[in-house]
Structures are given as structure tokens and as C-alpha cells.
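[1] A structural model of the following input is requested.
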Amino acid sequence: MPFRPSRPAPWLFVVVAAAVLWANAVPVPGGRRFDTLAPIAQLTAMRPLLTGLALVLAVGWSLAAWRRRWPRAPAVVLLLAAVAAAVQIAPRAVSSAAPGPEDAPGVTVLTANLLRSVVPPPVLVDLVRRTGADVVTLPETNATRARQIAAALTAARGERWIAESDRDAESPDDDSAGPTSLVVRQALGPVRLTEPPPDPGAHGQVRIRLSRLSGPDGTATTAAGPGPKIAAVHPLPPRPGSSQSDWRRDQLALRRFCRNDWIVGGDLNATIDHSPLRAVLASGCDDAAAETGQGLHATWTAFGIVRPAIDHVLTSGPWRPTSSGVLRIAGSDHRAVWARIVPRQGR
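    Numbering: from 1, shown residues only. Got it, this is the predicted structure:
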């Protein structure tokens, strides 16, 4: 007797699969979405991969149903859910950013998670050389390592770089994931801005304003208007088996940057598929990688072949990206994300 799947089983599978693929749109009590619950938050980080798997499964299921006279409707529903998800995801691989004039002054921001401060300064010197970065945001980097990086860049680049670190770290040598730092070219006139008191258990944050921009050749020029405000951030991650409230709180707190014309760089511990980060983008930010066609490049490698894009550079207000990229960081489980950012025309 040929195998024939029971009637409820295919539909149960399809409902679960569709709910996971579209978890960022499924409401749950408390004004949240399904993807803010564990383990769905972790699965949503893998949405591009899961969408591809669902497409393959739906096509294979349809062929098997046609040949063996199985029910076809579940396969069709799964295919529609996967195609709709793919249509939402695919534009991240296509640039929608208008190219800026080649001589336009701006700022190149690089974000690099240094895995609890273990990555040595020469790695950062090489990344800055390859990207032409003016500002480097450094999640998981303590004050001692940040100063070492600034000194190494000063020696290698022939100009002074300075380091700024969050002021709430327990010690300058804190080797936890908590510290956040930033290094910047002094020629751009950085001024340290005050951060609000952190929530209990939150990671560090650093904020600066630049008074000058960088030309294509690296020459510092006075900004035509207010210089860019740049924040190095590192929201808490969605930890498996626990409440995701702290993660969601930290994500939604980023909206204040988008509403006030900031550039934000860091390990955001969320992908564009997560509803909290989607809310951040809806409040006025653009993801530089997605805007310039690099939004499907993996940035966290700890899952092996499953590598979500959780490191970002965000722009808002008068600032827009013209190009970006993702580069390997030797010694870290993250990849670096960089973006060239210029003022919008008519600013």
C-alpha cells in the first residue's frame, strides 16, 4: 500500500513553517510580534536560509504530490508563503542608493566586534587601510584595547587617532562582552557627547559629534552644516530560554537615534527580519548595507554555515550611504561592516 500522509499533518507543518517565516508579522499579546519569543527570535535570525529551504521543500513536495496524487494544497500554501518572504528579502541584494559625487566629503564608518577585546590592533589597522575608515565603532572592546588600537593607527596612518570608551565599564581591562569603544581621526574634530544612564545589565555606548568631514583623499574639510553625530552601540542579544524583554527594550531604544539624525554603528544583535529592528528602521533609519546591495552578507559566524547579519551601520536624517561592504575580522566570530556616508543633496 503506497504511503499517503495523513490529512492534518501536512497542514500543521505548513502553518508552523509559515508562522516562523512570517513571525515578524504575527501579533502576540502585549503589542509584540511572534519573533520576540524564544526560540522564534533565534529562528528569525536565519530567515533567509529558512526561506530558501522552504522554497526547495515546497517545490519538491509539489512534484511528489503530482506524481503520487498526494494533497497539493499544503504545498501550494507553503510555496506562496516562501515566495512572499523571498520577495521581501531579495531587495537587500540590490542597491537602491543614489551614487554620490566622487569628490563629495563625508565620513566612512566601520563597525567591528572584537570578541571580548581579543583581536589585536594590527587587524584593525589593516581594516582601516582597506576601507579608508574615519570612525571605527568597537562593540566588545575595552578601554585598554581601544587605546592600543588608536596608538597603532596613529603610527601606521601618520595622523593622530583618539579612543573613546563607555564610562560605565567596571575596569579598563574588562574582558566581558559589555564594554563598547570607538576610535576616530582627530582631524575630524570629534567631541564626546553625553550618554544617558544605561539600563541595568545593558552594554556600553559611546557618542561623538564631528565638526569636519573627510574628502575622498582623506583631507578633512569643514562640514557645511552641523557635523554628523555618531553612536557606537551594542544592544543585548536575544538569549535562548529566557525572556526577550531586555533585547526588545534595547532594540526599540535605538529609535531615538533615527528620529534625531544620527549615524549608528555596532553589533545590534538583530537582523532586518526582526520586528524590533524593523520598527527602528520605520522610525527614520536606513540600513547602509541593505541600501547599497550588501544586505544579505553574513556578519556573525558562530552558527557555522548559518550566519545571520546582525552587525549594522544605520543612517538617518541628512546622512545617506553611497557604498558599503563586509570584511572578515581575523580572530573574531563577527565580520566588519563599513559604509561611506555623505550628506543628502540639498542639505
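[2] how much space between residue 208 and residue 135?
    8 Å (CB to CB, to the nearest Å). Yep, even glycine has a C-beta here, placed from its N, CA and C like the rest.
[3] which residues do the two both contact?
    Contact criterion CB atoms under 8 Å, 6 or more residues apart in numbering; residues bridging residue 208 and residue 135 by contacting each: 182, 184, 190, 230.
[4] out of these, who's nearest residue 70?
    Closest approach between the shared contacts of residue 208 and residue 135 and residue 70, by CB to CB: residue 230, at 56.1 Å.
[5] beta partners for that closest one?
    residue 208, residue 263 (DSSP bridges).
[6] number of residues surrounding it?
    28 (other CB atoms under 10 Å).
[7] repeat for residue 98
    Residue 98, neighbours per other CB under 10 Å, totals 10.
[8] which residues touch it?
    320, 322.
[9] okay, residue 208 and residue 135: which has more neighbours?
    Comparing residue 208 with residue 135 by neighbour count (other CB under 10 Å), the higher total belongs to residue 135, at 27 against 22.
[10] and the pLDDT for the more buried one?
    Predicted confidence (pLDDT) at residue 135: the value is 98.
[11] and the gap between it and residue 13?
    From residue 135 to residue 13 the distance is 47 Å (CB to CB).
[12] before we move on, what about residue 98?
    44 Å.
[13] ok, now residue 124?
    In terms of CB to CB, residue 124 sits 47 Å off from residue 13.
[14] wait, doesn't residue 178 sit right on residue 165?
    No: using CB atoms under 8 Å, residue 178 is not in contact with residue 165; the gap is 11.0 Å.
[15] quick one, which of the two is more surrounded?
    residue 165 (24 against 21).
[16] tell me who's in contact with the more buried one.
    Counting by CB under 8 Å, 6+ apart, residue 165 has contacts 141, 142, 143, 146, 172, 179, 180, 181, 182, 204, 206.
[17] PyMOL command to pick out the buried ones of those residues?
    Restricted to buried positions by 16 or more other CB atoms under 10 Å, the PyMOL selection for those reads:
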select buried, resi 141+142+143+146+179+180+181+182+204+206
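[18] mind listing the strands for the stretch 51-200 of the chain?
    107-111, 135-139, 161-165, 180-185, 191-193 (DSSP state E, counting those that start in this stretch).
[19] just checking: what are the partner strands of the first one?
    Going back to what we said before, that points to strand 107-111. Partner strands and pairing direction for strand 107-111 (DSSP bridges) are strand 135-139 (parallel), strand 335-343 (antiparallel).
[20] can you list those strands in TSV and add distance to residue 295?
    Shown next, in TSV, are these (distance: least, CB to CB, whole Å):
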stretch	distance to residue 295
strand 135-139	19
strand 335-343	10
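[21] ranking those by burial, who's on top?
    strand 135-139 (a mean of 30; mean count of other CB atoms under 10 Å).
[22] angle of it against strand 180-185?
    170 degrees (axes from the mean of the first three to the mean of the last three CA atoms, to 10 degrees).
[23] which segments of this structure make up each domain?
    8-93, 107-343 (automatic domain parsing).
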